[in-house]
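[1] this one's sequence-less:
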Ligand code: COA
């Protein structure tokens, strides 16, 4: 099997911070309710910034930290459900802004909050057929543009941001062993698109999504370990979609994973959808928590319903 490893990460969030107390001034909620139910204390919300700008800055940082030049990139994927423009895609905007070569494969993909894991797997497959060794895998969402600000049970969960990873492909490296899936029959999480003629607004059955998430994360972790033949104790970090601290706690407890192997930053950012995993990876790199050879299990879940897990090694 051949596969990718992580070279470097970057992230970018809007300047404006909205705390739970700020929300409590606008709607019937409280810091105590939000933080005890979700672990979220604040989130960044776009003002002038656009989703494409956040992705560009995150990608720039990832290239710099990876020590990879734009012309070495063969594949540029952006996972998003809130692109600034439907066309050109955000990935095309990155090609221009970063000066990627014109034969770079550039496109956006939408697997909601699972987008980054889907994109990582896709990048690995595409690099196997590319003359270049590196891919930019970006997750960026401006969820504030599509949340229903009159629905206090969903709008308090989300934030805006972008995260990016530069991955390197080598034929002799193992695959990330992605486990991806979808249940299109479910309507637990929904947002209309432009073709529907309706205003895009997120609607969700919170309690049922919560249950789905805990079960899915535990199952994906087990499947990724089995598929890659990895012992759980050999994994340094479990980087799980940052939707709710209670989901992470419950899933980790089910799998027997201690807090010292979890990275959790949602108190500051809320659920940033496709950005959540690469944003966490970028902060971890910034804090010096990622070392060459570290093995990480990544798990995403979200609208679709979709889910995905992968084993990513630090190069
Ligand atoms: N502030 C105060 N009260 C709130 C509130 C808010 N922001 N939102 C809901 N409530 C109220 C409800 O109206 C309900 O009141 P009632 O009992 O008088 O009817 C009460 O709190 C409990 O609501 P409930 O929905 O049962 O709460 P919960 O414990 O299930 O928590 C979520 C709600 C949304 C935090 C939780 O279900 C969740 O996190 N689900 C997963 C969502 C998710 O991660 N989605 C994205 C996946 S990618």
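    Perfect, thanks for sending it. On a predicted model such as this, the values are computed, not experimentally measured, just so you know.

[2] Now do the contacts for the residue of the stretch 201-315 of the chain found nearest the ligand.
    Nearest to the ligand, among the residues of the stretch 201-315 of the chain, is residue 206, at 3.0 Å (Cβ to the nearest ligand atom). Glycine gets a C-beta too; all of them are placed from N, C-alpha and C. Contacts for residue 206 were tallied using Cβ atoms under 8 Å, 6 or more residues apart in numbering; they are 153, 154.

[3] If we use 6 Å, what do you get?
    Contacts for residue 206 were tallied using Cβ atoms under 6 Å, 6 or more residues apart in numbering; they are residue 153.

[4] how many neighbours does residue 287 have?
    When neighbours are defined as other Cβ atoms under 10 Å, residue 287 has 9 of them.

[5] same check, this time on residue 131
    Using other Cβ under 10 Å: residue 131 sits among 7 other residues.

[6] Can you classify it as helix, strand or coil?
    Reducing the assignment to helix, strand or coil with DSSP: H, G, I helix; E, B strand; the rest coil, the entry for residue 131 is coil.

[7] Okay, the closest residue to it other than its chain neighbours and the ligand: tell me how far apart.
    Nearest in space to residue 131, with sequence neighbours left out and distances taken as Cβ to Cβ, 6 or more residues apart in numbering, is residue 74 at 6.7 Å. Applying Cβ to the nearest ligand atom, to the nearest Å, the value for residue 74 to the ligand is 30 Å.

[8] Please compute how far stretch 308-315 lies from its chain's middle.
    In terms of Cα atoms, centre = their mean, to the nearest Å, the centre of stretch 308-315 is found 13 Å from the chain centre.

[9] is it up against the ligand anywhere?
    No: counting by Cβ under 6 Å from any ligand atom, the ligand is not contacted by stretch 308-315; separation bottoms out at 12.1 Å.

[10] Check the average confidence over that stretch, would you?
    Per-region confidence: stretch 308-315 scores 98 on mean pLDDT.

[11] And for stretch 13-29?
    Stretch 13-29 comes out at a mean pLDDT of 98.

[12] what about that stretch, near the ligand?
    Yes: judged by Cβ under 6 Å from any ligand atom, stretch 13-29 and the ligand are in contact via residue 29.

[13] Residue 141 contacts residue 273, doesn't it?
    Yes: applying Cβ atoms under 6 Å, one finds residue 141 in contact with residue 273, separated by 3.9 Å.

[14] before we move on, back to that, phi first, then psi, for the residue of the stretch 201-315 of the chain closest to the ligand.
    Dihedral angles phi and psi of residue 206 (degrees, to the nearest 10) take the values phi -50, psi -50.

[15] Enumerate the residues of the stretch 201-315 of the chain near the ligand.
    The interface of the stretch 201-315 of the chain toward the ligand, taken as Cβ under 6 Å from any ligand atom, is made up of 204, 206, 207, 209, 210, 213, 243, 244, 271, 301, 302.

[16] possible to save the residues you listed as CSV with pLDDT and secondary structure?
    Supplementary listing: these in CSV, determined by pLDDT from 0 to 100; DSSP: H, G, I helix; E, B strand; the rest coil:
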residue, pLDDT, secondary structure
204, 94, strand
206, 94, helix
207, 95, helix
209, 96, helix
210, 97, helix
213, 98, helix
243, 98, coil
244, 98, coil
271, 98, strand
301, 98, strand
302, 97, strand
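
[17] ok, and the most crowded of those residues?
    Neighbour count (other Cβ under 10 Å) singles out residue 301 as the most crowded of these, with 29 neighbours.

[18] who are the neighbours in contact with it?
    If you count contacts by Cβ under 6 Å, 6+ apart, then residue 301 has 114, 213, 216, 241, 307 around it.

[19] Can you tell me how far it is from residue 184?
    With distances defined as Cβ to Cβ, to the nearest Å, the gap from residue 301 to residue 184 amounts to 14 Å.

[20] likewise residue 90?
    Where residue 184 is concerned, residue 90 sits at a distance of 24 Å (Cβ to Cβ).

[21] Helices of the chain, residue ranges please.
    Counting by DSSP state H, the chain forms helices over residues 20-26, 31-38, 51-66, 90-98, 115-127, 152-155, 206-228, 245-255, 266-269, 276-286, given from the N-terminal end onward.

[22] Give the buried residues for the longest one.
    By that I understand helix 206-228. For helix 206-228, burial by neighbour count (16 or more other Cβ atoms under 10 Å) applies to 206, 209-210, 212-214, 216-221, 223-225, 227-228.
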